[in-house]
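Visitor: Can you look at this prediction? I've put the sequence above it.
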Amino acid sequence: MTSSHQGQAPAANLDALDGLLEALTEVLDLRQVIDRVSEVTKQLIPHDVMGVVEISEEGTRLRLHASAGLPDTVSREMDVPIPDRDLLLRPWDAAVVDDVRQHPFLRLGPAARAGMKCAVSVPVRYGGRLRATVTFFSRSHGAFSAAHVPVAKRIASHVALALSHFRLAEEASARKAMEVQAQEAADRAARLQDRVRALTDELDQRSGHRRLLGESPAWRQVLTQATQVARAETTVLLLGESGTGKEVVARFLHRASRRRDGPFVALNCAALPDHLLEAELFGFERGAFTGATFSKAGQVEQAAGGTLFLDEVGELTPQAQPKLLRLLQEREFQRLGGKGVRQADVRVIAATNRDLTKAIAQATFREDLYYRLAVFAIQLPPLRERSDDILPLSEAFLGELGPSIGRPPAGLSPGAREALIHYRWPGNVRELRNVLERAAILADGGLIEREHLAITALVPQKPAPSVSDAPARVEAPPESERATIEKALVAARFNKTRAAQALGLSRAQLYVRLRRHGLE
């Protein structure tokens, strides 16, 4: 939509104007100079409002980049979808618009809302595509004609240069910011890993053992997550199969926390009969039950100022679960048989090898308690997913076992190493240590061979050509209580609750026998 208009726009002083515009466009942020550009160009192309509308990088939206002359009562914000993307593809050189309200683009902007009647608009192109438009608006009808187009194009060329510089500066700034962020992230990661190693070394030195040993990515991720959450008071839930080292990680969390100088108190929720669990956890008052001839503080009070570790928390009785929930929510509890409410100053770390979501579905575990426990959950990998750690752990365990068996073994034979690496380890790290203890005794100071390992039948073997589908022979264990218990533990993947059931014992009876045979 074009119209003729009286006279041509003055062309004098264009060279001087170019010099001024070049100086202005050296400023990288066009928004800082748009008012000045509008002011110095009014003598050549009279207008009430000047605007630069930018097309988004993906070519889907129109954004008001800068404007001059709009009244304060009109919002300068404009970020709208392009109504007709085909318009971007049509070649156009300039447009003199007689009625802004009828134009598909201009009617969407703040100039139309400010009452502008007509306009002259020219494209800004660089990098092989349409990038923006420079538009001059007037409140008067017929204020522009084709004679104003050359001046508008001259001005737009400088705007294009400024806009290009601005975009380059923006991209450089964004790259710099990303580089800074990447470096900061790398520095944080390095500091975090340094702290993980420092804490690992400290705990290993304090315990005299190397229980935190491991360089596999899965294990380093566990220690990294533990370090990240350690200094918070957040409740942590350690998940994983039996024997994966959940108590070791709990102690690591305690040593890395602000409560490191306080006590670390561990309670196995499956080790006590149901009627004694609450009394052990929360304490009891004299006369609370038959035989309670004195008052006793529970594990919650004993852990004051430190950490309470609840192992096998999935075995909590339905009666104890709401009391633990109250402890986590309100930080208070009552002794068994007591009336007064006591404040709890403990951080709770819980662990389980059960799938608590299934327990919730079976109505054996409270859903609200689960969410309180699992504020920050850490999944411990099974040993079969840490194959790179098996031999370093084995060497560390053998070094630890040496003094207790009198004659430390000379090492591991190549066959024993291969067997250890290829075994699936259903009992995980705990099973590894037990297998090595037995093998070290059998080796009697010599090299541990493959036949010393009580895992031979479970290691992948080449089938004998004369055997059809007969199962692999398993050597009968010695007929002793210890051997029977060990076999039951292995079969139950070191889940003591299931092992006790298989042996026909209560959990308390099993723990007595475990202590008797040194199998804890």
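Guide: Nice, thanks for sending it over. Values in this document were obtained by computation on a predicted structure and should not be read as measured data.
Visitor: partners of Val53 in the sheet?
Guide: Beta bridges link Val53 to Leu64, Thr133 when assigned by DSSP bridges.
Visitor: Count the neighbours of it for me.
Guide: 23 (other C-beta atoms under 10 Å). C-beta coordinates here come from the backbone N, C-alpha and C atoms, glycine included.
Visitor: Give me the pLDDT value at it.
Guide: Here the pLDDT value assigned to Val53 is 86.
Visitor: Return the residues in contact with it.
Guide: 62-65, 78, 105, 109, 132-133, 135 (C-beta atoms under 8 Å, 6 or more residues apart in numbering).
Visitor: Minimum pLDDT in these, which residue is that?
Guide: Model confidence across the contacts of Val53 bottoms out at His65, which has 71.
Visitor: Just give me the neighbour total for that residue.
Guide: 22.
Visitor: Touching, it and Leu163? I think so.
Guide: Yes. Between His65 and Leu163 there is a contact at 7.5 Å, judged by C-beta atoms under 8 Å.
Visitor: still on that earlier bit, now the contacts of Val53 in TSV, with distance to Ala350?
Guide: Converted to TSV, the contacts of Val53 look like this (distance: C-beta to C-beta, whole Å):
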residue	distance to Ala350
Leu62	55
Arg63	51
Leu64	55
His65	55
Met78	54
Phe105	61
Gly109	59
Ala132	59
Thr133	62
Thr135	65
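Visitor: which of those count as buried?
Guide: When the contacts of Val53 are checked for burial by 16 or more other C-beta atoms under 10 Å, the buried set is 62, 64-65, 78, 105, 109, 132-133, 135.
Visitor: re the thing from before, which one among the contacts of Val53 gets closest to Thr357?
Guide: Nearest to Thr357 among those, counting by C-beta to C-beta, is Arg63 at 46.7 Å.
Visitor: Show which residues not belonging to the helix or strand encompassing Phe252 make contact with it.
Guide: Under the criterion of DSSP states H and E, Phe252 resides in helix 246-256. Identification of contacts with helix 246-256 by C-beta under 8 Å, 6+ apart yields 195, 199-200, 202-203, 206-207, 211-212, 222-223, 226-227, 229-231, 236, 238, 240, 260, 264, 266, 306-307, 309, 311, 349, 351, 378, 380.
Visitor: Now, those that are in strands?
Guide: 236, 238, 264, 266, 307, 309, 311, 349, 351, 378 (DSSP state E).
Visitor: who's in contact with the fifth one?
Guide: Think Thr307. Here Thr307 is in contact with 250, 253-254, 257, 259, 262-265, 346-349 (C-beta under 8 Å, 6+ apart).
Visitor: next one: Glu367
Guide: Ile360.
Visitor: how about a cut-off of 10 Å?
Guide: Glu367 makes contacts with 356-357, 359-361, as judged by C-beta atoms under 10 Å, 6 or more residues apart in numbering.
Visitor: in the stretch 51-200 of the chain, what spans have low per-residue confidence?
Guide: Scanning the stretch 51-200 of the chain for pLDDT under 70 picks out the ranges 84, 87-88.
Visitor: Let's see that with 90 instead.
Guide: 51-94, 103-110, 113, 123-133, 151, 153-200 (pLDDT under 90).
Visitor: What ranges does it have for its helices?
Guide: Assigned by DSSP state H, counting those that start in this stretch, the stretch 51-200 of the chain shows helices spanning 86-89, 110-113, 149-207.
Visitor: How about stretch 431-451, which residues are buried there?
Guide: In stretch 431-451, counting by 16+ other C-beta under 10 Å, buried: 431-437, 439-440, 443, 448-450.
Visitor: so how far is it from its chain's centroid?
Guide: Mean-position distance between stretch 431-451 and its chain equals 40 Å (C-alpha atoms, centre = their mean, to the nearest Å).
Visitor: now do stretch 97-113
Guide: That offset, for stretch 97-113, works out to 48 Å (C-alpha atoms, centre = their mean).
Visitor: What's the end-to-end length of it?
Guide: Terminal residues of stretch 97-113 lie 16 Å apart, using C-alpha to C-alpha, to the nearest Å.
Visitor: send the alpha carbons of stretch 360-368 over as PDB?
Guide: Output in PDB follows, covering the C-alpha atoms of stretch 360-368 (Å, rounded to 0.1, in the frame of the first residue of the first chain):
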ATOM      1  CA  ILE A 360       3.300 -49.600  49.900                       C
ATOM      2  CA  ALA A 361       1.200 -51.400  47.300                       C
ATOM      3  CA  GLN A 362       0.900 -54.400  49.600                       C
ATOM      4  CA  ALA A 363      -0.100 -52.100  52.500                       C
ATOM      5  CA  THR A 364       2.900 -53.200  54.600                       C
ATOM      6  CA  PHE A 365       4.700 -49.800  54.500                       C
ATOM      7  CA  ARG A 366       3.300 -46.300  54.900                       C
ATOM      8  CA  GLU A 367       3.400 -44.200  51.800                       C
ATOM      9  CA  ASP A 368       3.900 -40.900  53.800                       C
END
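Visitor: tell me the centre residue of this structure?
Guide: In the chain, the C-alpha nearest the mean C-alpha coordinate belongs to Gln225, at 8.4 Å (C-alpha atoms, centre = their mean).
Visitor: Relative to Gly314, how far out is that one?
Guide: 21 Å (C-beta to C-beta, to the nearest Å).
Visitor: so what's the residue nearest to the centre of the chain closest to, chain neighbours aside?
Guide: Nearest non-adjacent residue to Gln225, counting by C-beta to C-beta, 6 or more residues apart in numbering: Ile378, 5.1 Å away.
Visitor: distance of that neighbour from Gln319?
Guide: Here Ile378 is placed at a distance of 28 Å from Gln319 (C-beta to C-beta).
Visitor: So between those two, which is more surrounded?
Guide: Ile378 (24 against 11).
Visitor: Make sure that one is actually in contact with Thr235.
Guide: No. In this structure Ile378 lies outside contact range of Thr235 using C-beta atoms under 10 Å: 11.6 Å.
Visitor: Name the residues contacting each of those two.
Guide: Joint contacts of Ile378 and Thr235 (C-beta under 10 Å, 6+ apart) are 229, 349.
Visitor: Check what pLDDT Gln228 gets.
Guide: Predicted confidence (pLDDT) for Gln228: 90.
Visitor: so it touches Gln193, yeah?
Guide: No. Judged on C-beta under 10 Å, Gln228 makes no contact with Gln193 at a distance of 11.3 Å.
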